[in-house]
Structure formats: C-alpha cells, structure tokens
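1. got a predicted model here, sequence first, then my questions.
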Amino acid sequence: MKKLIIYSLCFCLFSCGSKAVQDAPVAVQENTAEASVSEGSAPVVTTSAVGDNNSLPEPESKFIEGDNGDYEEYAIYYVTIADTGKSYYPLREKMMALSQALPLAIDTMGRYYDAKKKMIVLPEDDEDEVFAGDYFPRRGPDVHLSLEYLDLYQKKAGKKTIALVSGIYEKKTSADSALRVMKSAAGGAFVVKTEMYMGCIH
C-alpha cells in the first residue's frame, strides 16, 4: 500500500513537472510575439503618443500676430532643396533623375504645370473646390520629391521661383543627414529653416 502511495505521488509530481516544462516554451513564445509586435509598433507609438517620455519632440512653434490682431501658429521646419529655378520642365527632369539616383519617391499631390496660367496647379475638377485649378502647397513633415514655390519656405525668394524639394523635417539633425545624402546626387542642395503657417488655408 505504501508503495502504491509513493508511486502515485511520484506520478503526480512528474506530471506537474512535465506540464510546467511543456508550458514554458509557449509562455516564452507568447512573450517573444508580444515583443515583436511592440517593436514593430514602436515607431508609430513613439511618434504619436502624447505624454510619452520616449516620443519624438513636437516641432518648434511660435505665435505671430496676424493682420486682424489674432495670433496664428507657425511651426519651425527644415526643408531640404535639391535645386531651384524659374522653369518648371528642367526641374521636373532633374526630379525624375534624382528619384532614380537616390532612390526617392516623387509625390506630385495630383498637381501639374498649367502652361496657360504658367503655374503649378491642382486639376480644375479637384475635390478641393477652394484650390481646384490653383497651387496647393506641401506643408508638414514629409520625405518625397516635389516641385514647390520657394517663397512658401523662404520669404525673400521671388514669387515664381520653383524649388525641387526632397523633404520637410521637424529636426535640423534629420535635415542635415538627408542633405548629406542628397549632395551625392545634387551638389548644390541646401537646407532652409522655415516658419510654416499651420492654420487653415481655405
């Protein structure tokens, strides 16, 4: 009888031990899976989380008094520019070549050059009724090649000067890093620090 009790206890202990060993890898796998999801999600979380100490800093901003006496918010951005000029098509060709050389995607935002108006515009039938047939600027952080009017970013530029923009950055260090890469394909590239209006433009 004693032997039977001892065998029963041994069997129970062995079974529990085996189960614990079998369950352990599953727990590790679940933790690993959770870690993978967290790491994969981290860039999204850190750039959008509010109050997270690890989140990226918000762009510098300042308030400037407008014509009507209200204070309007402007954000400080750093714009990387590969080249500038008055003629659209030569810059467009350079943009296409840079896109292949870097490589860096082009985003026209649906705009094109209207030869009659002699300006970069959205289509006349664009869903944005206010800017349809007119120039709509690129604002906010972005890493694409596009053709923009330089006076949006640099007030002293002439009204019709076109800039071949390669990126808009919140941090100067990011813009400087991008510029170093850009200079390998466009030696005259430069960075402009700009105060960009962040309010409604409609």
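-> All right, it came through fine. Nothing here was measured: the structure is a model prediction, and the numbers come from that model.
2. so for the helix or strand hosting Lys193, what gets flagged as buried?
-> Assigning secondary structure by DSSP states H and E places Lys193 in strand 190-197. Using 16 or more other CB atoms under 10 Å as the test for burial, strand 190-197 gives Val191, Val192, Thr194, Met196, Tyr197. To be clear about C-beta, it is placed using only N, CA and C from the backbone, and glycine gets the same treatment.
3. the first one bridge partners, please.
-> With beta bridges defined as DSSP bridges, Val191 has these partners: Thr80.
4. which stretches in the chain count as strands?
-> Assigned strands in the chain, in chain order: 61-65, 71-85, 112-114, 119-121, 146-149, 162-169, 190-197 (criterion: DSSP state E).
5. among the helices and strands of the protein, which has the poorest mean pLDDT?
-> For the chain, counting by mean pLDDT, DSSP states H and E, helix 2-48 ranks last in confidence among helices and strands (a mean of 33).
6. between the strands of the chain, which gets nearest to Met95?
-> strand 162-169 (5.5 Å; CB to CB).
7. can you tell me which helices and strands the closest one packs against?
-> strand 71-85, helix 88-101, strand 146-149, helix 172-183 (3 or more CB pairs under 8 Å, 6 or more residues apart in numbering; DSSP states H and E).
8. kindly reformat those as CSV containing mean pLDDT.
-> Listed next are the helices and strands packed on strand 162-169 as CSV, based on pLDDT from 0 to 100:
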stretch, mean pLDDT
strand 71-85, 89
helix 88-101, 97
strand 146-149, 98
helix 172-183, 97
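9. now render these as a markdown table, adding mean neighbour count and distance to Phe136.
-> Shown next, in a markdown table, are these (neighbours: other CB atoms under 10 Å; distance: least, CB to CB, whole Å):
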| stretch | mean neighbour count | distance to Phe136 |
| --- | --- | --- |
| strand 71-85 | 19 | 17 |
| helix 88-101 | 15 | 16 |
| strand 146-149 | 20 | 10 |
| helix 172-183 | 16 | 23 |
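10. let me have these in a markdown table, extended by distance to Met109.
-> Formatted as a markdown table, these follow (distance: least, CB to CB, whole Å):
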| stretch | distance to Met109 |
| --- | --- |
| strand 71-85 | 16 |
| helix 88-101 | 13 |
| strand 146-149 | 7 |
| helix 172-183 | 20 |
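11. so which of the ones you listed gets nearest Leu122?
-> The nearest among these, by CB to CB, is strand 146-149 at 13.0 Å.
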